[in-house]
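Chemist: Sequence first, then the predicted structure:
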Amino acid sequence: MKNSNDSFKSISFSILLFAILSFTFSSCQKEGPMGPEGPAGEDARNNVSSFYYTIYEDEWQAFGEPGIGFGYTGSMDFPEITEDVLNYGAVLVYLYQDNSLFPLPTTFINAGDGGYMTSIWVTLQYEQVLITFQDSDGNTINPGDQEFKVVIIEGGVQIPQSLNLKDYEEVKKYFHLK
């Protein structure tokens, strides 16, 4: 037979456990400033824009030393890339070659030229997109005239998980781009 002391301990333990769990779950709320409220539905698609931009051969800036991390960086100015876009939006960049758009960043093997790899990557900054070309053999040549497609998505625009951002045609169709 249980004595009253055991019942009291059991009830006290239950109350203490309930209090700890209540405190734990009530204090696990994420706090902080709310993000900007974005547009909804079709209106959101109006907050997406796309541009073609060419970096010409004489605009590329060399860095490093030949044979040791040598490459080229070019810049594209976009006043549309605001703090809001950098913090809450997205910028998609595609390289235009052979009548196709290839998503960046990318790395590919130059099989016919000794098997070295070329990497092309993007760095986003306020009002600017930087593109870097670098070959794994350390002897990167000037990329010459290169055309890019840049898609700027303002903060608050909902991007469905099913949308393949690497496929420009799919992005173009979804956001009604020209």
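Modeler: Thanks, I have it. Treat the numbers as computed from the prediction; the structure is a model and nothing was measured. Numbers count the residues shown, from 1 in each chain.

Chemist: okay but Y53 is in contact with M76, surely?
Modeler: Yes: counting by Cβ atoms under 8 Å, M76 is a contact partner of Y53 at 4.7 Å. Glycine gets a C-beta too; all of them are placed from N, C-alpha and C.

Chemist: what do the two both touch?
Modeler: Common neighbours of Y53 and M76, using Cβ atoms under 8 Å, 6 or more residues apart in numbering, are V129, F148, V150.

Chemist: For E147, which non-adjacent residue is closest in space?
Modeler: Closest residue in space to E147, ignoring its immediate chain neighbours: Y96 at 4.2 Å, by Cβ to Cβ, 6 or more residues apart in numbering.

Chemist: repeat for F70
Modeler: Nearest non-adjacent residue to F70, counting by Cβ to Cβ, 6+ apart: G64, 4.2 Å away.

Chemist: What's the separation between the one you found and S100?
Modeler: Look at G64 and S100: by Cβ to Cβ, to the nearest Å, they are 29 Å apart.

Chemist: How about E83?
Modeler: For E83, the distance to S100 - Cβ to Cβ - is 33 Å.

Chemist: low-scoring stretches of this protein, by residue?
Modeler: In the predicted model, the chain carries pLDDT under 70 at residues 1-46, 113.

Chemist: what residues are up against the residue nearest to E147?
Modeler: Residues counted as contacts of Y96 (Cβ under 8 Å, 6+ apart) are Y52, F102, Q146, E147, F148, K149.

Chemist: Name the helix or strand for the last one, please.
Modeler: Taking DSSP states H and E as the definition, K149 sits inside strand 146-153.

Chemist: any idea how far the residue nearest to F70 lies from I131?
Modeler: Distance from G64 to I131, by Cβ to Cβ: 16 Å.

Chemist: Of the two, which one has the most company?
Modeler: Taking other Cβ atoms under 10 Å, G64 and I131 do not tie; I131 has more neighbours (24 against 13).

Chemist: That one contacts F148, correct?
Modeler: Yes: in this structure I131 lies within contact range of F148 using Cβ under 8 Å: 6.8 Å.

Chemist: any common contacting residues for those two?
Modeler: When contacts are counted by Cβ under 8 Å, 6+ apart, the set common to I131 and F148 consists of I55, M76, V93, L104.

Chemist: Any chance of a markdown table for those residues, columns distance to E169?
Modeler: As requested, these are exported to a markdown table (distance: Cβ to Cβ, whole Å):
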| residue | distance to E169 |
| --- | --- |
| I55 | 23 |
| M76 | 22 |
| V93 | 16 |
| L104 | 16 |
